[in-house]
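1. predicted coordinates and the sequence they were generated for:
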Amino acid sequence: MLIEPGELLAQINSPDDLKKLPKDKLVQICDELRQFIIDNVSVYGGHFGASLGVVELTVALHYVLNTPEDQLVWDVGHQAYGHKILTGRRDRFHTNRVYGGLSGFPKRKESEYDTFGVGHSSTSISAALGMAVGSKYKKSNIQHVAVIGDGAMTGGMAFEGMNHAGVSDSNLLIILNDNCMSIDPNVGALKDYLTDITTSHTYNKVKDEVWKMLGKLSKFGSSAQEIISKVEGGIKSTLLNQSNLFESLNLRYFGPVDGHDVNHLAEVLNDLKDIPGPKILHCITAKGKGYEPAENGNQTTWHAPGTFDKVTGEIYKKKPSKPQPPKYQDVFGHTLVELAEMDDRIMGVTPAMPSGSSLNIMMKAMPDRAFDVGIAEQHAVTFSAGLATRGLIPFCNIYSTFMQRAYDQVVHDVCLQNLPVVFCLDRAGFAGADGPTHHGAYDIAYFRCIPNLVVAAPMNEEELRNMMFSAVAEEGPYSIRYPRGTGVMPEWKTALSKIPTGQGRIVKEGEDVAILTIGHIGNYAVEASEELAKEGLNPAHYDMRFVKPLDGELLHEIFGKFKKVITVEDGCLMGGFGSAVIEWMTDHGYQAQVKRLGIPDEVIEHGTQLELHRECGFDPEGIAEAVRSFSEVAKAK
Ligand SMILES: Cc1ncc(C[n+]2csc(CCOP(=O)(O)OP(=O)(O)O)c2C)c(N)n1
């Protein structure tokens, strides 16, 4: 189903077309853009509230800037749907996040308007600053703008970028898109600070006067600007309780402005083009703006609601006829509370993903023992390490892809000191529609080389629960990876029992070929085996459960018995589980033919998880094919 754009939007094939519109048409174009996003996302799914919140900002930016020459960087990029639609991708927008279609995030190879590939938060200031400094070096006069949310602003990298920008004398404009929301409500002292600035009425009144004056004076050259800057700075620090955080970092602070007044935004952006040096414009917006259920309902749900009825606002949920297995994240969330009730040393930590990780269950049940620390993965890990030094057992839940941010903290702050932090890596393996920025492809490889760290992955809900239970008794760091989505056990609340660290299990006896799997992907091997049985093939299947330590006893048995081994992992092949098995094999003097199935050394784009597994040859059929090509029986036929 192709969604028809509104009359004006239908004529906009690039920002140049937008610029041709008279100013009095900007409100209409915003309305049509907003409607087009609603129409599309309600049918095809994707991120929602964030893009609605920046419709006016998007239109104003492309109206005023000379894109693609001027460099516009969106932080995270989940809010850039309007940007994509205005920059020549309107007719393909229905393929957003679909296998082979548009990416859900800005991507350099997709469009010249996407100046920087994004997906992980808090990178925009550093990237845009690098561009600005690079342009200056090349004597280019173009504009550089980073648009960053208040959630992304909590990430350390944003501060590292501002710290540098403040002394850089580059013409960088940072636009702070402040909607008080991350995915969940934003957290931390910065949030309170931003609210303080926003609600200081006296300051805002005086600021408006200064702004008008500034508009008049900025055309008169640098000395006038210097005077106004001093006046303005003085007013700000007198009127605000604290001195201005951004001004302290040498960034000129403008705002707050209404981020939904497109005409005013266009004027402000135009004015700011004339003001040299690094600066920040504070825009107040509402997530979900213009779509009632998203704006005034549960903004977290409407961050990425899935498909919905745009008239009633009802989010479509599948209504299965029989009980379904739970999501792994929910098994984690409920089991953590269960464990924490039994053991008062257990704590929970998440960097800005309470709903996504289901740590919100513990945050609600035990608010003093579970923490959302903001989009701050590095801090989450070292904070957990600190808790562990006090005899506590933190469960630090970080998506596999975001754990990449905190690698040094895992090595330096946790593992070298052998501290008992339990890392739960959600979304391990292919993330699906979010694509390569979000695939949890590398964690097995990057974790298995760290001393002291246990690397475990459950094949089902029961194993996840038992691994969490066992991790509490471990004296050092322990990691558990599990994928996005559901497990396989509708009756998931099994009795807790310990799994000895490094002990795998046999799923199915067999002959000729042994399939060794790690984690949930093992269920594909079960499916493959069922299919192969119909063809008279009977591979053995082992659920190894641990990449580190590997189960040596089981491997002696396997390599003693089988000369053909297949390893399967939802992770990168280089240095991953299959590599670990081959290393073990050579270290112990065995010789077998080993075929490794997993993610190749390439960027794999977006699609459903199954589509991507198929592309990489480790869907059930891919595993079956590997067995067939190996099997003696098959060869004899
Ligand atoms: C490093 C990293 N951690 C976590 C996330 C998950 N994430 C995506 S969007 C988002 C919230 C961003 O909030 P904000 O910047 O305020 O933008 P908004 O959605 O409110 O417009 C989070 C936590 C991420 N993309 N990157």
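-> Cool, got the structure. Not measured: the values here are computed from a predicted model.

2. quick one: residues contacting Asp413.
-> Asp413 sits next to Val381, Thr382, Ala385, Leu419 when contact means CB atoms under 8 Å, 6 or more residues apart in numbering. For glycine as for every other residue, the C-beta is placed from the backbone atoms N, C-alpha and C.

3. just the mean pLDDT for stretch 417-427, thanks.
-> In this model, stretch 417-427 has a mean pLDDT of 98.

4. can you pick the most crowded of the contacts of Asp413?
-> Top of these by neighbour number is Val381, holding 29 neighbours under the definition other CB atoms under 10 Å.

5. in this structure that one contacts Ala406, no?
-> Yes. Counting by CB atoms under 8 Å, Val381 does reach Ala406; the two are 4.3 Å apart.

6. between these two, which contacts overlap?
-> Taking CB under 8 Å, 6+ apart as the contact rule, Val381 and Ala406 both touch Ile398.

7. what residues does the chain have near the ligand?
-> 50, 53, 76, 78-79, 120-121, 149-152, 177, 179, 181-183, 287, 352, 375, 377, 402, 405 (CB under 6 Å from any ligand atom).

8. just the ones in helices from the contacts of Asp413, please.
-> Using DSSP state H, the members of the contacts of Asp413 that fall within helices are Val381, Thr382, Ala385.

9. let's have the residues you listed in a markdown table, adding pLDDT.
-> Shown next, in a markdown table, are the ones in helices among the contacts of Asp413 (pLDDT from 0 to 100):
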| residue | pLDDT |
| --- | --- |
| Val381 | 98 |
| Thr382 | 98 |
| Ala385 | 98 |
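
10. between these, which sits nearest Ile506?
-> Nearest to Ile506 among the ones in helices among the contacts of Asp413, counting by CB to CB, is Val381 at 35.0 Å.

11. ok, the closest one - contacts?
-> Cys396, Ile398, Ala406, Gln409, Val410, Asp413, Val414, Val421, Phe423.

12. who wins on neighbours among these?
-> Most neighbours among those, by other CB under 10 Å: Cys396, with 33 neighbours.

13. which single residue of the stretch 201-350 of the chain ends up nearest the ligand?
-> Lys287 (5.4 Å; CB to the nearest ligand atom).

14. Asp184 is in contact with that residue, correct?
-> No. Judged on CB under 8 Å, Lys287 makes no contact with Asp184 at a distance of 11.3 Å.

15. the more surrounded of the two?
-> Taking Lys287 and Asp184 together and counting by other CB under 10 Å, Lys287 has the greater number of neighbours (26 against 19).

16. wait, is the more buried one part of a helix?
-> No. Counting by DSSP: H, G, I helix; E, B strand; the rest coil, Lys287 falls outside a helix, being coil.

17. show me the contacts for it.
-> Residues near Lys287 by CB under 8 Å, 6+ apart: Gly49, Ala50, Leu52, Gly53, Asn179, Met181, Ala294, Glu295, Gln299, Trp302, His303.

18. relative to the ligand, how far out is Arg92?
-> Counting by CB to the nearest ligand atom, to the nearest Å, the separation of Arg92 from the ligand is 23 Å.

19. ok so, going back, which members of the contacts of Val381 are the farthest-apart pair?
-> Maximum distance among the contacts of Val381 (CB to CB): 13.7 Å, for Ile398 and Asp413.

20. distance of Ser409 from Pro420?
-> If you look again at residue 409, you'll see it is Gln, not Ser. 15 Å (CB to CB, to the nearest Å).

21. apologies, that question was intended for Ala286.
-> Per CB to CB, Ala286 is found 43 Å from Pro420.

22. what's the answer for Arg465, then?
-> For Arg465, the distance to Pro420 - CB to CB - is 19 Å.

23. pick out whichever of these two has more residues nearby.
-> Set Arg465 next to Pro420 and count neighbours by other CB under 10 Å: Arg465 wins out with 26 against 23.

24. what about the residue of the stretch 351-500 of the chain found nearest the ligand, neighbour count?
-> Using CB to the nearest ligand atom, the single residue of the stretch 351-500 of the chain nearest to the ligand is Ala352, 3.9 Å away. Per other CB under 10 Å, the neighbour tally for Ala352 reads 27.
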